[in-house]
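Visitor: Quick one, structure for this:
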Amino acid sequence: MKWFKRLFVKDYESTGDPAVRTRYGVAAGVFGICSNAVICALKLVVGFIGGSVTVIADAVNNLSDAGSSAVTVAGFKLASRPADREHPYGHARYEYIGALVVAVIILIVGVLLCKSSVEKIVSPEPVTVDVWTYVVLSVSILMKLVQMALYLDFAKSISSGALKAAAADSRNDVIATGAVLVAAIVMDTAGVNVDAYFGLAVSLFIVLSSFKYILEAANPLIGTRPPEEVVDALKRKILSYDGVIGVHDLAVHSYGEGRYFAVAHLEVPARDDIMFAHELADNIEREVKEELGIQLTLHIDPIDNEDEETLRLKAKCAEVLKGMDERLSLHDFRLVRGNTHTNLIFDVEMPFESKLTLSDIEKELAGRFADEEKKYYFVLSRDVE
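Guide: Residues are numbered from 1 along each chain as shown. Below is the predicted model:
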């Protein structure tokens with residue numbers, strides 16, 4: 001699809017540019033509107049002439065696809081609007097709203113087609129299949145395969161969830177139109193009127209698919225985990241700087257595809273000059289924005305990396321955690337020394353699905369530290385990974 005990009009997407013290689021992203025979405029949407037409108041018109045002509053509810057149902061499905069493409073164009077255009085006083089994080093989530101609207105439209109169309117198919121089952125009508133039926137359905141399948149390939153290519157280029165959904169919809173349309181073609185062959189060769197039954201099957205397929213699209217569109221609006229590759233790239237970038245011991249409490253928030261805001265705790269040596277640590281954080285924030293396009297805010301955590309007792313106890317606690325579950329880790333480790341005992345204070349990072357509790361971890365730590373000369377108590381906080 002490189003030739004299509006060259007023709008219709010200016011500066012198509014600059015996929016990190018929001019303006020180029022919008023061009024991708026608009027080009028894909030306009031192509032979808034035009035191709036789906038042509039397919040819909042051809043199927044309507046064949047469907048009404050032959051009296052086939054299955055072909056008509058498939059045509060209406062393509063009409064909804066054209067509407068979906070129009071919503072996609074509107075979504076990308078609205079998402080490209082700059083931030084303003086009421087929307088300081090921009091308007092990129094319009095792309096998700098557009099996808100949700102499309103999914104609801106597909107659901108409504110599917111329900112209406114189900115109703116029409118049931119009526120045809122109750123009161124069947126004669127159906128005519130001719131050579132044009134086969135030609136139109138075959139052309140439709142071919143066009144849908146082209147659509148799917150283009151949407152997938154564009155979605156990969158700009159990491160677009162909306163275009164991935166459009167590609168999946170085109171794939172589903174290939175299956176649906178294939179079912180219509182099978183119905184036409186059965187009626188033409190066997191003389192059995194299965195039109196309404198296949199129409200019902202296609203309609204149910206549309207309805208079921210719409211629920212999946214609704215969930216996929218709603219999830220980013222509700223809030224989901226950021227992509228692992230984004231988190232990994234951000235961590236690698238932060239840890240690449242001299243003077244950084246570690247990073248934790250990293251939270252990444254998405255306000256649309258490619259629009260990320262993040263906060264994190266930056267671990268630096270406690271004995272470093274405060275001005276040096278502040279300058280280091282500033283440099284990281286600026287370069288992360290320039291290179292990864294992520295608006296990052298850092299909180300500085302001074303870490304005592306020279307006290308031998310602190311380092312030994314931290315390593316021992318980390319070993320205990322790993323022995324309980326390889327996925328457990330700790331951060332913000334510090335000692336509060338007293339006359340009778342010492343408190344070991346730290347955060348335990350564990351996955352959502354972990355069945356362990358802080359009480360379980362405290363008991364395990366207490367048992368492992370029973371042979372220490374000093375008395376240690378544990379003050380733990382849970383961080384969900």
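Visitor: What is the three-state secondary structure of Arg382?
Guide: Assigned with DSSP: H, G, I helix; E, B strand; the rest coil, Arg382 falls in the strand class.
Visitor: That one contacts Val348, doesn't it?
Guide: Yes: assessed by Cβ atoms under 8 Å, Arg382 is found in contact with Val348 at 5.7 Å. Backbone N, C-alpha and C define where each C-beta goes, glycine included.
Visitor: okay, and the common contacts of those two?
Guide: Counting by Cβ atoms under 8 Å, 6 or more residues apart in numbering, the contacts common to Arg382 and Val348 are Leu358.
Visitor: And those two? Which one has more around it.
Guide: More crowded of Arg382 and Val348, by other Cβ atoms under 10 Å: Val348, with 22 against 13.
Visitor: Within the helices and strands, which one has that one?
Guide: Following DSSP states H and E, the helix or strand that holds Val348 is strand 342-350.
Visitor: taking the mean pLDDT, what do you get for that strand?
Guide: Average pLDDT, strand 342-350: 90.
Visitor: who does that strand touch, helix- and strand-wise?
Guide: Using 3 or more Cβ pairs under 8 Å, 6 or more residues apart in numbering; DSSP states H and E, the elements in contact with strand 342-350 are strand 246-254, helix 308-324, strand 329-337, helix 358-368, strand 376-384.
Visitor: Let me have those in CSV, adding mean pLDDT and distance to Asn62 as columns.
Guide: Compiled in CSV, the helices and strands packed on strand 342-350 are given as follows (pLDDT from 0 to 100; distance: least, Cβ to Cβ, whole Å):
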stretch, mean pLDDT, distance to Asn62
strand 246-254, 88, 32
helix 308-324, 92, 56
strand 329-337, 87, 52
helix 358-368, 93, 56
strand 376-384, 87, 45
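Visitor: what would the ones you listed look like in TSV with distance to Arg23?
Guide: Below are the helices and strands packed on strand 342-350 laid out as TSV (distance: least, Cβ to Cβ, whole Å):
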stretch	distance to Arg23
strand 246-254	21
helix 308-324	49
strand 329-337	43
helix 358-368	51
strand 376-384	39
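Visitor: The ones you listed: which one's closest to Ser123?
Guide: strand 246-254 (50.6 Å; Cβ to Cβ).
Visitor: any weak-confidence spans in the chain?
Guide: 53-54, 125-127, 384-385 (pLDDT under 70).
Visitor: Now do the domain split for it, please.
Guide: Each domain of the chain is listed here as a residue range: 2-222, 228-303, 308-384, per automatic domain parsing.
Visitor: any idea which of those is most buried?
Guide: domain 2-222 (a mean of 19; mean count of other Cβ atoms under 10 Å).
Visitor: Report the distance from it to the chain centre.
Guide: Averaged C-alpha coordinates place domain 2-222 at 20 Å from its chain's average position (Cα atoms, centre = their mean, to the nearest Å).
Visitor: list the helices and strands the helix or strand containing Val60 packs on?
Guide: Per DSSP H and E: Val60 is located in helix 53-79. On a contact count with 3+ Cβ pairs under 8 Å, 6+ apart, helix 53-79 meets helix 18-50, helix 94-122, helix 131-158, helix 161-190, helix 195-222.
Visitor: close enough to count as contact, Ala218 and Leu100?
Guide: Yes: look at Ala218 against Leu100 with Cβ under 8 Å: they come within range, at 6.2 Å.
Visitor: hang on, the earlier thing: report the angle between the helix holding Val60 and helix 131-158.
Guide: 20 degrees (axes from the mean of the first three to the mean of the last three Cα atoms, to 10 degrees).
Visitor: State the distance from Ala165 to Ile141.
Guide: 20 Å (Cβ to Cβ, to the nearest Å).
Visitor: Repeat that for Leu78.
Guide: Distance from Leu78 to Ile141, by Cβ to Cβ: 33 Å.
Visitor: in its sheet, what does the strand holding Val348 sit against?
Guide: strand 329-337 (antiparallel), strand 376-384 (parallel) (DSSP bridges).
Visitor: what angle separates the first one from helix 358-368?
Guide: Relative orientation of strand 329-337 versus helix 358-368 (the same axes, to 10 degrees): 60 degrees.
Visitor: can you check the last one too?
Guide: Orientation note: strand 376-384 sits at an angle of 140 degrees relative to helix 358-368 (the same axes, to 10 degrees).
Visitor: Determine how far strand 376-384 lies from the middle of the whole chain.
Guide: Relative to the centre of its chain, strand 376-384 is centred 33 Å away, using Cα atoms, centre = their mean.
Visitor: could the helices and strands packed on helix 53-79 be laid out in a markdown table, adding distance to Arg6?
Guide: Formatted as a markdown table, those follow (distance: least, Cβ to Cβ, whole Å):
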| stretch | distance to Arg6 |
| --- | --- |
| helix 18-50 | 11 |
| helix 94-122 | 24 |
| helix 131-158 | 13 |
| helix 161-190 | 18 |
| helix 195-222 | 30 |
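Visitor: hmm, back to that, which outside residues touch the strand holding Val348?
Guide: Counting by Cβ under 8 Å, 6+ apart, residues outside strand 342-350 touching it are 248-249, 313-314, 317, 321, 325, 327-336, 356, 358, 361, 365, 374-385.
Visitor: how far out from the middle of the chain is it?
Guide: Relative to its chain's centre, strand 342-350 lies at 33 Å (Cα atoms, centre = their mean).
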